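Asker: here's my sequence, what's the structure:
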Amino acid sequence: MTAEKTEAPEAHNIHVIGIGRTGGAYVEALLRTGEVEDNLALEGSALSGLLIDIGEDDVNIPNDYARSLKSRLAQRGIPAERFHYESFNLALPGLEEFSGKLKDARGPYEATGGSNLMSELPADFTLPDTQNHVPRAVAKAAGVFGLYLDEAPLAAAVDRFADQVRASQNPSTIFLAYSLAGGTGSGISADIARRVKALDLGDKVKIVVVAQLSHSDDGVYENSLAQTVSLEELDGFASGSAEDNPFPGGCFIVSTEHSWQRLTAYTATGIRAVRQHFKQLVTNRFVSDSFMRWAVQDNATHLESALGKQTGSACLMFNVAKFSHPGVQVLPGEPRSRWDSVLQQWVSFVPQYSGLVDGYTAESIDAHIYCARNMDTDGIVGDLETLLSSNYLGDQPDRCSAHHNEFFDELTAYANLIFSNLKKEDLAVYAAGKESMKALKPADIRMEQA
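Answerer: Coordinates of the predicted model:
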């Protein structure tokens, strides 16, 4: 394992389009980072954010973070025009109007190269409750309505987002973030990305997808049909031509399993439904925060490096492997030897909770380790070196780069592990999802094949 230390390059601006509840978590994660605020103090910088959802239940917190950032910028005398943000609610029309819009939208949508818009509605079709799972086909249709019908309000929102990206004088990355297992983000994202791509923002702008996997005990989303179909779609984009790929800048598949297991272990008190909701919230926020802090770190040096290692026919896995959580299993004041043994235990779980199939081999791994200064960082790095080299690198540790970082919370340790050359077959959840499809009705499968 080699340790790398690089000088910070020129400023790099990160922009984000979040779709659905999980996408909203990535939007607020970016707005929380202090680096973004400092970056906007530089001449020529800009930040653009757009949150798209069906229903309004999950937009309030990201909206609050956007208002807070605007206030902080004003206090620092940073021009307000350097930051643009809006949230967009895709309301589902009634059944009769929905059916009519499907017919109206098909022509203009297919004329611009769109495909897989749902056909005539089944006789027993009912629109979903927006507080529950929205099938990919329904979400895709709602997105197409907003992009092509009436005054095309969603297209206008995307255009305003892109205008702000153009205002940046720096190299930029646009993240499109969503959950693979839900229907809203996975159903809409490709059409949104195509709209952004068609606006021709220039060679200095990359369009990158950030797609989050479900985790165990994730209810209806665990190994869902939507996730299986979405993985096939992303895999097809990555292995196809760059011209047809709506995400030509790169693809991150984000794994939450290790973080979920670390929080879940030893937390069994209280009402299960309340505890489950809290754990879901904390896991999603920790993972999205970890991703965005890493992405903006050192003017996106590590982001650019990782994207440069992605092969043309595969994605990258971004695995947030959490080794300790405040108040869980080991407590402040306990002997340091107790902390060391717990950290060692959870480092050893990396292969078990990676979500990668046996036999997967990475061309390279970037390991970004975050520990408090009083933790045994050398021990964590050594254990990771052994595990990653023996399990994924053919015992060639020189193909793994380690980056050490001090974390502000002395009770938390984790690592962001970026694996190269990831295909859908390399994920255990894909095989599990394909197996589950065998028991589904053809009509149910069609509703997720947007």
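Asker: so after the host helix or strand of Ser189, what's the next helix or strand?
Answerer: Per DSSP states H and E, Ser189 falls inside helix 184-198. Using DSSP H and E, the helix or strand that follows helix 184-198 in sequence is strand 205-212.
Asker: which other helices and strands does that next one contact?
Answerer: strand 172-179, helix 184-198, helix 225-239, strand 250-255, helix 272-296 (3 or more C-beta pairs under 8 Å, 6 or more residues apart in numbering; DSSP states H and E). Every C-beta, even on glycine, is put in place using the N, C-alpha and C of the backbone.
Asker: report the angle between that strand and strand 250-255.
Answerer: With axes from the mean of the first three to the mean of the last three C-alpha atoms, to 10 degrees as the basis, strand 205-212 and strand 250-255 are set at 20 degrees to each other.
Asker: pLDDT on strand 205-212, on average?
Answerer: For strand 205-212, the mean pLDDT works out to 98.
Asker: would you mind finding the most buried of the helices and strands packed on strand 205-212?
Answerer: strand 172-179 (a mean of 28; mean count of other C-beta atoms under 10 Å).
Asker: how near is the most far-flung residue of the chain relative to its centre to Val209?
Answerer: For the chain, the residue at maximal distance from the C-alpha centroid (C-alpha atoms, centre = their mean) is Pro335, at 36.8 Å. Separation of Pro335 from Val209 (C-beta to C-beta, to the nearest Å): 45 Å.
Asker: and for Leu40?
Answerer: 24 Å.
Asker: same check, this time on Ile369
Answerer: Taking C-beta to C-beta, one finds Ile369 at 26 Å from Val209.
Asker: more neighbours, these two?
Answerer: For Ile369 versus Val209, neighbours defined as other C-beta atoms under 10 Å are more numerous around Val209 (27 against 22).
Asker: bridged to the more buried one, which residues?
Answerer: Val209 has these beta-bridge partners by DSSP bridges: Leu176, Cys251.
Asker: which residues touch it?
Answerer: When contacts are counted by C-beta atoms under 8 Å, 6 or more residues apart in numbering, Val209 touches Phe175, Leu176, Ala177, Ser189, Ala193, Leu234, Phe247, Gly250, Cys251, Phe252.
Asker: redo that, cut-off 7 Å
Answerer: Contact partners of Val209, counting by C-beta atoms under 7 Å, 6 or more residues apart in numbering, are Leu176, Ser189, Leu234, Phe247, Cys251, Phe252.
Asker: can you check Gln164 too?
Answerer: Per C-beta under 7 Å, 6+ apart, neighbours of Gln164: Ala46, Ser48, His84.
Asker: could you redo the last one with a cut-off of 8 Å?
Answerer: His15, Ala46, Leu47, Ser48, His84.
Asker: returning to what we had before: which one of the helices and strands packed on strand 205-212 has the lowest average pLDDT?
Answerer: Of all the helices and strands packed on strand 205-212, the segment with the smallest mean pLDDT is helix 272-296, scoring a mean of 87.
Asker: chain center to it, what's the gap?
Answerer: Averaged C-alpha coordinates place helix 272-296 at 12 Å from its chain's average position (C-alpha atoms, centre = their mean, to the nearest Å).
Asker: ok, stretch 173-186 next?
Answerer: Centroid separation between stretch 173-186 and its chain, computed with C-alpha atoms, centre = their mean, is 6 Å.
Asker: stretch 36-48 too?
Answerer: Distance of stretch 36-48 from the chain centroid (C-alpha atoms, centre = their mean) equals 22 Å.
Asker: avg pLDDT for it?
Answerer: 95.
Asker: same question, stretch 126-140
Answerer: 91.
Asker: mind putting the contacts of Gln164 into JSON lines with distance to Gly24, neighbour count and secondary structure?
Answerer: Shown next, in JSON lines, are the contacts of Gln164 (distance: C-beta to C-beta, whole Å; neighbours: other C-beta atoms under 10 Å; DSSP: H, G, I helix; E, B strand; the rest coil):
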{"residue": "His15", "distance to Gly24": "15", "neighbour count": "25", "secondary structure": "strand"}
{"residue": "Ala46", "distance to Gly24": "21", "neighbour count": "22", "secondary structure": "coil"}
{"residue": "Leu47", "distance to Gly24": "16", "neighbour count": "25", "secondary structure": "strand"}
{"residue": "Ser48", "distance to Gly24": "16", "neighbour count": "25", "secondary structure": "strand"}
{"residue": "His84", "distance to Gly24": "17", "neighbour count": "19", "secondary structure": "strand"}
